[in-house]
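# just a sequence and a predicted model for now, questions to come.
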Number of protein chains: 2
Amino acid sequence: MFLIARKALASAQNKAIHLSTREVHCLSSILVSPPLVSLDLPENWTPYSDHPPPVSFESEQKTVVIDGKVISEEIRTKISDEVRKMKNDIGKVPGLAVVLVGQQKDSQTYVRNKILACEETGIKSVLAELPEDCTEGEIMSVLAKFNEDTSVHGVLVQLPLPQHLDEAKILNMVRLEKDVDGFHPLNMGNLAMRGREPLFVSCTPKGCVELLIRSGVEIAGKNAVVIGRSNIVGLPMSLLLQRYDATVSTVHAFSKDPEQITREADIVVAAAGIPNLVRGSWLKPGAVVIDVGTCPVEDSSSEHGYRLVGDVCYEEALGVASAITPVPGGVGPMTIAMLLCNTLDAAKRIFL
Amino acid sequence: MFLIARKALASAQNKAIHLSTREVHCLSSILVSPPLVSLDLPENWTPYSDHPPPVSFESEQKTVVIDGKVISEEIRTKISDEVRKMKNDIGKVPGLAVVLVGQQKDSQTYVRNKILACEETGIKSVLAELPEDCTEGEIMSVLAKFNEDTSVHGVLVQLPLPQHLDEAKILNMVRLEKDVDGFHPLNMGNLAMRGREPLFVSCTPKGCVELLIRSGVEIAGKNAVVIGRSNIVGLPMSLLLQRYDATVSTVHAFSKDPEQITREADIVVAAAGIPNLVRGSWLKPGAVVIDVGTCPVEDSSSEHGYRLVGDVCYEEALGVASAITPVPGGVGPMTIAMLLCNTLDAAKRIFL
């Protein structure tokens, strides 16, 4: 009700409504989807009913902007509290080891942000930087060391790796119990299979589902489209949404009518890495849009000479979608929050 | 051309066309999809073109019946040849170990058929039968023995297992190199992930794709719907079709509009286990239908008092689908052929 009142108020002002933390709380109290920590997989097939209730959508849509920054801050505060308690109770803290190969600017930024986030939440972090031309053996011996180190509970290899390195082989080397990125094929297989539990769910998809749940979006039974099928985002995203009982379609480079398929989705997760790929006309009115894309696009008016653009044409989506994550400030901060969360979980498994 | 002429000939007779082995050969020579043995996964995303070529469908559809019995016989003959050659060349043959727990009639029939198929193709088989109330430890020790036995190249546990046993734990025990059913989560993860190769693809989904390819159905870029999401069929089917670059939607018990989603599919794989779930009205004219369902339904006019019915209402699909697998005689025989194929592959990896 609060939300509806707020929508009415906003209608005269603007197409976008920003939710405060308090409102997010209010929304999350009405959530129907199961929480992330306990994946609930029904085992019985219920025969198709002839008359499913139609999904209702408003014709003139007011778009809620899902504030990933606010939600992730809230999660990080909770993680800080838990880490502090862990330190007080047993004198130990979670530890994250990050392996960075080469000098790629994006990767350096991502890694810096991860390390900073660890510091802020009290998680111990250790960074291993290797030169661009390092050998597979060198990375392997670094990973072996972290795998053995009992003060390290999470190990991640920043991707992409230089071409000459075998990514699969290197990621497979990360000890399963420390695979906080969830990229090990055994974690992926257990994410895919019903009745199994992965030790870790990849950070970006986990963050996206957390955003949906905390925004009061029911996932079960909804049509969801995932645009993109990378091992890092698209694939685990599809698998995770399916665990939450969405009807999932995955759209990719070979899809002949991505627009049409997307237009039937109640939930759209765009993770193709193509700026403004998803136009307003692709969206069903009332769809919830999660934009994973973050492409730097030249912009001389911006301080750094560029700005970040998502996969979804944000301006066009406002007024069509019922809710959308902005870029930046949507999925990005959630990815890091989920990494901290996975690292904390890894430590808890050891200590508790 | 041959097919079209044949279709014209058939139009005056019947809505269904049965393909002979020769015709299947003719069709497979024009296949465009990559073969099963080398999964070709393009790494680049091609931006969406505004004007995709429309899929063309005839309004009065003649339905080709895909004869799984004929196709599987052909595959089994080739396997026999290879096994004979292996025996002549190195004096060894592939070996399959089957673990059967309890007295469930269906399971006994399936296992008997698998053992018989091994005998016919020259594959050595060994059956371990355990009582319904056996302990997890007893199964584990049987599996440990088969895992070590160098004359056994494939190990499978017939499902379902009695309720008191932990299926996941038992399946995880099967040695990865002998997991000819492809149910190990590591094989599933590697099937899901791009750039990875599973050691084995589960038999039923593999058989379905083989049927599609050998029937000249192009998979890449097609809309495919998989109805059902079991670990045994639905899940690996979705993952495999995606590897073949189909745009895959997975429909399940929570899906609100399975009919509508199915109606947009060029390829429909029904694996829900509900007789006649998919009606003719669910199908887009010209869709290719693979029916995995095999439910015994009472039928006093039948010799055994029952007959097998698929998930698809066969009579209604004739005249709408461009091709369909019958039940029985469609997917069923392919599952066993693929099991033999996986066992042969497992042996080849050791011997070659």
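Cool, the structure landed.
# figure out how far the helix or strand where residue A:89 lies is from the centre of its chain.
Per DSSP states H and E, residue A:89 falls inside helix A:68-90. Mean C-alpha position of helix A:68-90 versus that of the full chain (CA atoms, centre = their mean, to the nearest Å) differs by 18 Å.
# pull out the buried residues from it.
A:68, A:70, A:71, A:72, A:75, A:76, A:79, A:80, A:82, A:83, A:86 (16 or more other CB atoms under 10 Å in any protein chain shown). From N, CA and C alone the C-beta is placed, and that goes for glycine too.
# again with stretch A:109-117
Per 16+ other CB under 10 Å, stretch A:109-117 contains these buried residues: A:110, A:111, A:114, A:115, A:117.
# confirm for me that the last one is in contact with residue A:343.
No: no contact is recorded between residue A:117 and residue A:343 when judged using CB atoms under 8 Å, the distance being 9.9 Å.
# before we move on, back to that, contacts for the helix holding residue A:89, please.
Contact with helix A:68-90 is made by A:19-21, A:24, A:92-94, A:117, A:120-123, A:207, A:210-211, A:214, A:325-326, A:329-334, A:336-337, A:340-341, A:344, A:347-348, A:351, as judged by CB atoms under 8 Å, 6 or more residues apart in numbering or on different chains.
# can you turn the buried subset of those residues into a selection I can paste into ChimeraX?
The following ChimeraX line selects those of those that are buried, judged by 16+ other CB under 10 Å:
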select /A:19,24,92,93,94,117,121,122,123,207,210,211,214,325,326,329,330,331,332,333,334,336,337,340,341,344,347
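# so where do the strands sit in the stretch 51-200 of chain A?
A:63-65, A:95-101, A:124-130, A:154-157 (DSSP state E, counting those that start in this stretch).
# list the contacts of stretch A:124-136.
With contacts defined as CB under 8 Å, 6+ apart, stretch A:124-136 is touched by A:93-103, A:111, A:114-115, A:118-119, A:138-139, A:142, A:146, A:151-152, A:162, A:164-166, A:169-170.
# if we go to 6 Å?
The contact list for stretch A:124-136, computed with CB atoms under 6 Å, 6 or more residues apart in numbering or on different chains, reads A:93, A:95-102, A:115, A:118, A:142, A:162, A:165.
# same check, this time on stretch A:108-122
With contact meaning CB under 6 Å, 6+ apart, stretch A:108-122 is reached by A:76, A:79, A:80, A:83, A:93, A:96, A:98, A:100, A:125, A:158, A:336, A:340.
# give me every residue that touches the last one.
The neighbours of residue A:340, taking CB under 6 Å, 6+ apart as the test, are A:79, A:117, A:121.
# just the pLDDT for the last one.
Pointing back at residue A:121 there. Note for residue A:121: predicted pLDDT of 98.
# so where's the stretch 51-200 of chain A uncertain?
Scanning the stretch 51-200 of chain A for pLDDT under 70 picks out A:51-60.
# element containing the spatially most central residue of chain A?
Residue closest to the average C-alpha location in chain A (CA atoms, centre = their mean): residue A:204, at 2.3 Å. Assessed by DSSP H and E, residue A:204 sits inside helix A:203-214.
# send me that helix as PDB with only the CA atoms.
The C-alpha coordinates for helix A:203-214 follow below in PDB (Å, rounded to 0.1, in the frame of the first residue of the first chain):
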ATOM      1  CA  CYS A 203      28.300 -13.600  -6.900                       C
ATOM      2  CA  THR A 204      26.600 -11.600  -9.600                       C
ATOM      3  CA  PRO A 205      23.600 -14.000 -10.100                       C
ATOM      4  CA  LYS A 206      23.200 -14.300  -6.300                       C
ATOM      5  CA  GLY A 207      23.200 -10.500  -6.100                       C
ATOM      6  CA  CYS A 208      20.600 -10.200  -8.800                       C
ATOM      7  CA  VAL A 209      18.200 -12.700  -7.000                       C
ATOM      8  CA  GLU A 210      18.900 -10.900  -3.700                       C
ATOM      9  CA  LEU A 211      17.800  -7.600  -5.300                       C
ATOM     10  CA  LEU A 212      14.600  -9.300  -6.700                       C
ATOM     11  CA  ILE A 213      13.700 -10.800  -3.300                       C
ATOM     12  CA  ARG A 214      14.500  -7.700  -1.300                       C
END
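# which other helices and strands does it contact?
Under the contact criterion of 3 or more CB pairs under 6 Å, 6 or more residues apart in numbering or on different chains; DSSP states H and E, helix A:203-214 touches helix A:234-243, helix A:331-351.
# which SSE is immediately downstream of it?
Going down the chain from helix A:203-214, the next helix or strand is strand A:223-227, by DSSP H and E.
# off-centre distance for that following strand?
On the basis of CA atoms, centre = their mean, strand A:223-227 sits 14 Å off its chain's mean C-alpha point.
# ok, it: who's next to it in the sheet?
strand A:247-251 (parallel), strand A:267-270 (parallel) (DSSP bridges).
# and that strand, average pLDDT?
Per-region confidence: strand A:223-227 scores 98 on mean pLDDT.
# domains for chain A, by residue range?
A:94-175, A:202-335 (automatic domain parsing).
# just the terminal-to-terminal distance for the shortest one.
It refers to domain A:94-175. 16 Å (CA to CA, to the nearest Å).
# with stretch A:240-260 instead?
Distance between the two ends of stretch A:240-260: 23 Å, counting by CA to CA.
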